[in-house]
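**Q** Make a model of this:
(2 chains)
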Amino acid sequence: MPRPPKAEERTTLLDARAMSRALQRMAVEILELAHGTSDLVLIGIQRRGVELAERIAKLIEKDEGAEVPRGALDITLYRDDLETVGPKPVIGETRLPGDLTGKHAVIVDDVLYTGRTVRAALDELADFGRPQRISLCVLVDRGGRELPIQADIVGKSIKTAPGDRVDVQIEELDGRDQVDVIR
Amino acid sequence: MTASATLGKDLTGLEHMTPEQIRLILDTAEPFKEVSERPIKKVPALRGKTIVNLFFEASTRTRISFEFAEKRLSADTVNVAASGSSVSKGETLVDTARNLEAMRIDMVVIRHPSSGAAEFLGDRIASNVINAGDGKHEHPTQALLDLLTIRDKHGKIEGLKVCLVGDVLHSRVARSNLWGLTKLGAEVAVCGPWTLMPRGIEELGVKVFARIEEAIEWADVLNVLRLQLERMEKGFIPSVREYYRVFGVTPERLERSPRAITIMHPGPMNRGVEIDSRVADGPHSVILDQVTNGVAVRMAVLYLLAGGRAELAEAAKRGSE
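**A** From the prediction side, this is the model:
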């Protein structure tokens, strides 16, 4: 006899204050990794990565007093599963702050899971120039990689199962800052 | 994020499309504009797809525009110019369809002198079919790029007054525009010699102006259609000069309008016949924007139609976040 489906269990991984502290620390780590702001470019992946990159850029600017160029990247057209998705995904805006050649590009995303989004982002960035270095910065690393990709800077790591969901909410889009894990 | 509307297998015309489907194409075209501005004007979305551009009628702009769109999406393309075929149209198309299928293609872009040819082909092959103009029937991607250009310029389509000027009777561009504009809530009018107006067009809720001056007084947008010169030989108009004198869109006529009227033309233009050069090259002309938008709209259509097989979609769902 089939068992009744289990009720979803939602636990909070980061609340607003914890997320704020994580972003603050990530901003400092980016500065250390890039040796300052001179070649630094932050590139957020649509959609929540774009907002997170904006936040981190503002934190860096407050500390350093220097402007940090940032861009937005929509990786839809570089996905490896376009053939198999039913209705076509809506494509967001891609805008990069000039030529990336010689820059230190830091890709910012909300959740790192299979690594396929990052693979697509690397391919897409390569079509915009040849950065000196590309680093990866994510708010949540949930494990479960399907490709040899790892983050340089992580806000919070957590082990998850394939059926779990990581729900990242941020003020600008969702009205509050919070990360929940739904099992 | 996925789009709520889908397009189905083929794009044969706007007549049977929903406003949501039309908006989906226009919204999808937006991000594709940026792809053509990149240092490397190419994304891998249609890598490995084979597209046949099957043109039974002469075309420069439309064929090149489709080809750019296909190449910028990384598709492999083959151009077939089947002009001058003496085989009767039905046999030709069925045969062509079978041959194309045998070569394992994915999409066909077809232009054909017979109305309904695209739908005919679409019903007979499994590949996606896109109508690039069929007889006097429809030219949907032209109307879509016109809609996108109007929306860019005015920020909306609903409530705008758009007048199609010239040979509405023989124009597939006019027909597709009529469907698209009315579905998106524009007010539509036509203006031209009565010999070139389709009978009963008022029944579609379209205003008819017999004089260009009246159209100019009314309109926010003039879409000036090409006067096909062979029409003169067939007696639809007395002479090209007479046409320009009575219906030519000139700066002198436009000056009388209280508004800055947006000027459009699907090309190729007959300067000094349906449109004065000073208007075509003037500050309110968006004729070259139409050409730019054509590539983006066609990329959007190709992207939305390609692949996306239903049986694979389910399998993919469990894997992705």
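**Q** Strands of chain A, residue ranges please.
**A** If DSSP state E is used as the criterion, the strands of chain A fall at A:10-14, A:40-45, A:70-73, A:104-112, A:133-141, A:153-157, A:165-169, A:178-182.
**Q** Distance to chain B, mean neighbour count and mean pLDDT added to these, as CSV?
**A** (Glycine included, C-beta is placed from N, CA and C.) Supplementary listing: the strands of chain A in CSV, determined by distance: least, CB to the nearest CB, whole Å; neighbours: other CB atoms under 10 Å in any protein chain shown; pLDDT from 0 to 100:
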stretch, distance to chain B, mean neighbour count, mean pLDDT
strand A:10-14, 16, 15, 96
strand A:40-45, 13, 26, 98
strand A:70-73, 11, 22, 96
strand A:104-112, 7, 25, 97
strand A:133-141, 12, 22, 98
strand A:153-157, 17, 18, 97
strand A:165-169, 7, 18, 96
strand A:178-182, 12, 18, 96
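**Q** will you turn these into a markdown table that also has distance to A:Gln24?
**A** As requested, the strands of chain A are exported to a markdown table (distance: least, CB to CB, whole Å):
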| stretch | distance to A:Gln24 |
| --- | --- |
| strand A:10-14 | 13 |
| strand A:40-45 | 15 |
| strand A:70-73 | 17 |
| strand A:104-112 | 14 |
| strand A:133-141 | 12 |
| strand A:153-157 | 10 |
| strand A:165-169 | 17 |
| strand A:178-182 | 15 |
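**Q** Output the set of residues of chain A in proximity to chain B.
**A** Chain A has residues A:47, A:74, A:76-78, A:81-95, A:99, A:111, A:113-114, A:123-124, A:127-129, A:165 near chain B, with proximity defined as CB under 8 Å from any CB of the partner chain.
**Q** if we go to 6 Å?
**A** A:77-78, A:81-91, A:94, A:113, A:127 (CB under 6 Å from any CB of the partner chain).
**Q** Could you identify the most distant pair in those?
**A** Largest separation among those by CB to CB: A:Gly86 and A:Asp127, giving 26.8 Å.
**Q** pull the longest helix from chain A.
**A** Ranked by residue count, the top helix of chain A under DSSP state H comes out as helix A:16-34.
**Q** could you measure B:Lys231 against chain A, distance?
**A** Check again: residue B:231 is Arg, not Lys. From B:Arg231 over to chain A the distance is 41 Å, taken as CB to the nearest CB, to the nearest Å.
**Q** Which helix or which strand is home to that residue?
**A** In this structure, B:Arg231 is located in helix B:230-233 according to DSSP states H and E.
**Q** Of all the residues in the stretch 151-300 of chain B, which one is nearest chain A?
**A** Checking the stretch 151-300 of chain B residue by residue against chain A with CB to the nearest CB singles out B:Ala300 as nearest, at 8.9 Å.
**Q** residues near that residue, how many?
**A** As a burial measure, B:Ala300 scores 29 neighbours (other CB atoms under 10 Å in any protein chain shown).
**Q** That one belongs to a strand, doesn't it?
**A** No: counting by DSSP: H, G, I helix; E, B strand; the rest coil, one finds B:Ala300 to be helix, located in no strand.
**Q** tally of neighbours for the residue in the stretch 51-200 of chain B positioned nearest to chain A?
**A** Using CB to the nearest CB, B:Leu73 is the residue of the stretch 51-200 of chain B that sits closest to chain A, at 7.8 Å. B:Leu73 is flanked by 25 other residues according to other CB under 10 Å.
**Q** need the contact list for it.
**A** Contacts here follow CB atoms under 6 Å, 6 or more residues apart in numbering or on different chains; on that basis B:Leu73 touches B:45-46, B:299, B:302.
**Q** Of those residues, just say which sits nearest to chain A.
**A** Nearest to chain A among the contacts of B:Leu73, with distances taken as CB to the nearest CB, is B:Ala45, at 4.2 Å.
**Q** The closest one - nearest residue in space that isn't next to it in sequence?
**A** A:Leu77 (4.2 Å; CB to CB, 6 or more residues apart in numbering or on different chains).
**Q** Hmm, B:Leu46 and that neighbour touching each other?
**A** No: proximity of A:Leu77 to B:Leu46 does not meet the contact threshold set by CB atoms under 6 Å, at 9.1 Å.
**Q** Compare the contacts of B:Leu73 and tell me which has the most neighbours.
**A** Comparing the contacts of B:Leu73 by number of neighbours (other CB under 10 Å), B:Met299 comes first, having 29 neighbours.
**Q** And the pLDDT for it?
**A** As summarised for this prediction, B:Met299 has a pLDDT of 97.
**Q** Could you verify that B:Arg175 is part of a helix?
**A** Yes: looking at B:Arg175 with three-state DSSP, it is inside a helix.
**Q** Show the contacting residues for B:Gly133.
**A** When contacts are counted by CB under 6 Å, 6+ apart, B:Gly133 touches B:111, B:139, B:172.
**Q** how many other residues sit next to the second one?
**A** For B:His139, the tally of surrounding residues (other CB under 10 Å) stands at 26.
**Q** Quick check: it vs B:Asn177, distance?
**A** B:His139 sits 9 Å away from B:Asn177, going by CB to CB, to the nearest Å.
**Q** Taking the centroid of chain A, which residue is nearest it?
**A** The central residue of chain A, meaning the one whose C-alpha is nearest the mean C-alpha position (CA atoms, centre = their mean), is A:Asp109 at 0.5 Å.
**Q** What ranges in the stretch 1-150 of chain B fall below the confidence cut-off?
**A** B:1-4, B:83-91 (pLDDT under 70).
**Q** The residue of the stretch 151-300 of chain B closest to chain A reaches B:Thr28, doesn't it?
**A** Yes: contact criterion CB under 6 Å: B:Ala300 and B:Thr28 qualify, at 3.9 Å.
**Q** Now do the phi/psi pair for B:Ala119.
**A** Rather than Ala, residue B:119 is Glu. Listed backbone geometry of B:Glu119 is phi -70, psi -40, with angles given as degrees, to the nearest 10.
**Q** Return the helix holding B:Arg231 as CSV; C-alpha atoms alone will do.
**A** Listed in CSV are the C-alpha atoms of helix B:230-233, where the atom choice follows Å, rounded to 0.1, in the frame of the first residue of the first chain:
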residue,chain,number,x,y,z
GLU,B,230,3.0,45.4,-61.9
ARG,B,231,-0.3,46.6,-60.4
MET,B,232,-0.1,49.6,-62.7
GLU,B,233,0.1,47.3,-65.7
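**Q** Give me the contacts around that helix.
**A** Under the contact criterion CB under 6 Å, 6+ apart, helix B:230-233 has no outside partners.
**Q** now that helix, how far from the centre of its chain.
**A** Here helix B:230-233 is found 23 Å from its chain centre; the criterion is CA atoms, centre = their mean, to the nearest Å.
**Q** Nearest residue to B:Ala189 in space, please, no chain neighbours.
**A** Skipping the residues right next to it in sequence, B:Ala189 comes nearest to B:Lys207 by CB to CB, 6+ apart, at 3.7 Å.
**Q** what's the answer for B:Gln21, then?
**A** Using CB to CB, 6+ apart and skipping residues adjacent in sequence, the residue nearest B:Gln21 is B:Ala5, 5.1 Å away.
**Q** Was I right to think that neighbour contacts B:Glu20?
**A** Yes: contact criterion CB under 6 Å: B:Ala5 and B:Glu20 qualify, at 4.3 Å.
**Q** If you count surrounding residues, which of these two has more?
**A** Here B:Ala5 and B:Glu20 are compared on neighbour count by other CB under 10 Å; more neighbours surround B:Ala5, at 17 against 12.
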